[in-house]
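Asks: Okay, predicted coordinates and the sequence, questions at the end:
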Amino acid sequence: EGLSGNSIHFRNKGCDDGDIEGLIELLQTNAGGIELIDLHQNRITLVGSRFANSLAGNDTLKILYLTNNSIGPRGAGLLADALKVNETLQVIGLGQNQIGPAGAKRLAVALRSNRNILKIYLERNKMGVEGAACLADALKVNQSIFVINLEQNKMGAEGAGKIANAIVENRSLQKLLFRDNHIADEGAIRIADALIANNSINELDLARNRIGRAGAARLGLAIKDNKTLQKLFLGSNQIQTAGAGRIADALKTNSTLQVLGLESNKIDEKADRLASALKENQSLQTLFLSGNFLADEGAIKLADALKVNQSLQVMGLSGTRIGAEGGKGLA
């Protein structure tokens, strides 16, 4: 049960450490050439188990999902020790595991020397500023990770600053997921300034971060001449119409951004700058505006822009108070 080809799936099976002892022989002997193990949403701690140690000598496993277990800082430390030796694991999911700053520190030490991890998911682990600092130091050295998920880790503006310093030096990171870290304008400005110097990140998620107009203005400045960023998510912030206008102004010269999320940002019907930008921009393909206050007036302005725009394929407009008149214009 759970074995399919070279993959093992025990997602949401109520497994504890004792239940996964059977996997150890497979990992130690490389029997079956197992490349993926999915243990998402169980009761695994790794403490007192030989599972982490068995990863050290394994040379077939490429993907390991341990999201939503009970690994904690001790279990994270055991995994970190294995990562110092393992040379094949490329993707590891450790989100929702109460790793905390202590666990983040152990993992960061391992990532400084590890050269095969490409994607690491650490969302919802309460790592805080201390965790951000440790991981940032690792990212300054590590040049193999291209996806990192740090969502909902209570890192704040200070933590955002630590990560920003890292991405100035890092040249491999392509996808930074940093939503819901309460970074506010101060943190957004630090990341925006780093984005000006960085030429590798192509996807940035800063949704749900209490970013206001000042943060949006600096992000607009950052993406104005950016040549690598393709996806930017700023939904559920507080950038309002003025902040959206600063982002819109950047779209007039930016030629690489393809997806922009501005949903639930209190953008009202006075969206002239956004409409104007869409008349000039020819790269944006998807624009999320749901949950704003565009109403018929804003819809009509956007409709006029779409008569000229040749690139936009998807526009999210649910919950924007658009009535019959605005709907007719967009039809």
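Replies: Arrived safely.
Asks: Now the closest residue to residue 13 other than its chain neighbours: which helix or strand?
Replies: Of all residues not flanking residue 13 in the chain, residue 42 sits nearest, at 6.2 Å (Cβ to Cβ, 6 or more residues apart in numbering). Any C-beta I mention is one placed from the backbone N, CA and C, and that applies to glycine too. In the assignment (DSSP states H and E), residue 42 maps to no helix and no strand.
Asks: ok, residue 42 - contacts?
Replies: 10, 11, 12, 13, 14, 15, 16, 19, 68, 69 (Cβ atoms under 8 Å, 6 or more residues apart in numbering).
Asks: please redo it, this time with the cut-off set to 10 Å
Replies: 10-17, 19-20, 66-70 (Cβ atoms under 10 Å, 6 or more residues apart in numbering).
Asks: State the phi and psi torsions of it.
Replies: phi -130, psi -150 (degrees, to the nearest 10).
Asks: about what we covered before: buried subset of the contacts of residue 42, written for ChimeraX?
Replies: Only the buried members of the contacts of residue 42 enter the following ChimeraX selection, criterion being 16 or more other Cβ atoms under 10 Å:
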select :10,15,17,20,66,67,68,69,70
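Asks: what residue ranges in the stretch 1-150 of the chain are flagged as low confidence?
Replies: Low-confidence segments of the stretch 1-150 of the chain (pLDDT under 70): 1-4, 31.
Asks: Kindly tell me how buried residue 101 is, as a neighbour count.
Replies: Counted with other Cβ atoms under 10 Å, the neighbours of residue 101 add up to 18.
Asks: one step back: quickly note the distance from the residue nearest to residue 13 to residue 20.
Replies: 8 Å (Cβ to Cβ, to the nearest Å).
Asks: before we move on, what about residue 99?
Replies: To residue 20, residue 99 is 19 Å away according to Cβ to Cβ.
Asks: Which stretches in the stretch 151-300 of the chain count as strands?
Replies: For the stretch 151-300 of the chain, applying DSSP state E, counting those that start in this stretch gives strands covering 175-177, 203-205, 231-233, 259-261, 286-288.
Asks: other SSEs contacting the third one?
Replies: Counting contacts by 3 or more Cβ pairs under 10 Å, 6 or more residues apart in numbering; DSSP states H and E, strand 231-233 packs against strand 203-205, helix 213-224, strand 259-261.
Asks: which of the residues in the second one are buried?
Replies: If I follow you right, that is helix 213-224. Of the residues in helix 213-224, 213, 214, 215, 216, 217, 218, 219, 220, 221, 222, 223, 224 count as buried by neighbour count, 16+ other Cβ under 10 Å.
Asks: how far out from the middle of the chain is it?
Replies: Relative to its chain's centre, helix 213-224 lies at 19 Å (Cα atoms, centre = their mean, to the nearest Å).
Asks: quick one: contacts for residue 174?
Replies: Contacts for residue 174 were tallied using Cβ under 10 Å, 6+ apart; they are 118-119, 145-148, 200-204, 228, 230.
Asks: of those residues, buried ones?
Replies: For the contacts of residue 174, a neighbour count by 16+ other Cβ under 10 Å gives the buried set as 118, 119, 145, 146, 147, 148, 200, 201, 202, 203, 204, 230.
Asks: Stretch 190-205: end-to-end distance?
Replies: Distance between the two ends of stretch 190-205: 14 Å, counting by Cα to Cα, to the nearest Å.
Asks: average model confidence for that stretch?
Replies: Stretch 190-205 shows a mean pLDDT of 97.
Asks: and the gap between the most centrally placed residue in the chain and residue 149?
Replies: In the chain, the C-alpha nearest the mean C-alpha coordinate belongs to residue 177, at 1.5 Å (Cα atoms, centre = their mean). Between residue 177 and residue 149 the computed distance is 4 Å (Cβ to Cβ).
Asks: Identify the contacts common to these two.
Replies: Common neighbours of residue 177 and residue 149 (Cβ under 10 Å, 6+ apart) are 121, 122, 123, 205.
Asks: quick one: contacts for the first one?
Replies: The one in question is residue 121. Residues near residue 121 by Cβ under 10 Å, 6+ apart: 65-67, 91-96, 147-151, 177.
Asks: and for residue 42 and residue 20, which residues touch both?
Replies: 10, 13.
Asks: quick one on the thing from earlier: go through the contacts of residue 121 and name the one nearest residue 114.
Replies: Nearest to residue 114, judged by Cβ to Cβ, of these is residue 92 at 10.1 Å.
Asks: and stretch 261-271, how far apart are its ends?
Replies: 15 Å.
Asks: meant to ask about stretch 188-208
Replies: Start-to-end span of stretch 188-208 (Cα to Cα) is 12 Å.
Asks: do the same with stretch 91-102
Replies: 21 Å.
Asks: which of the residues in stretch 171-189 are buried?
Replies: By 16+ other Cβ under 10 Å, the buried positions in stretch 171-189 come out as 173-185, 187-189.
Asks: Equivalent analysis for stretch 111-129, please.
Replies: Buried residues in stretch 111-129 (16+ other Cβ under 10 Å): 111, 114, 117-129.
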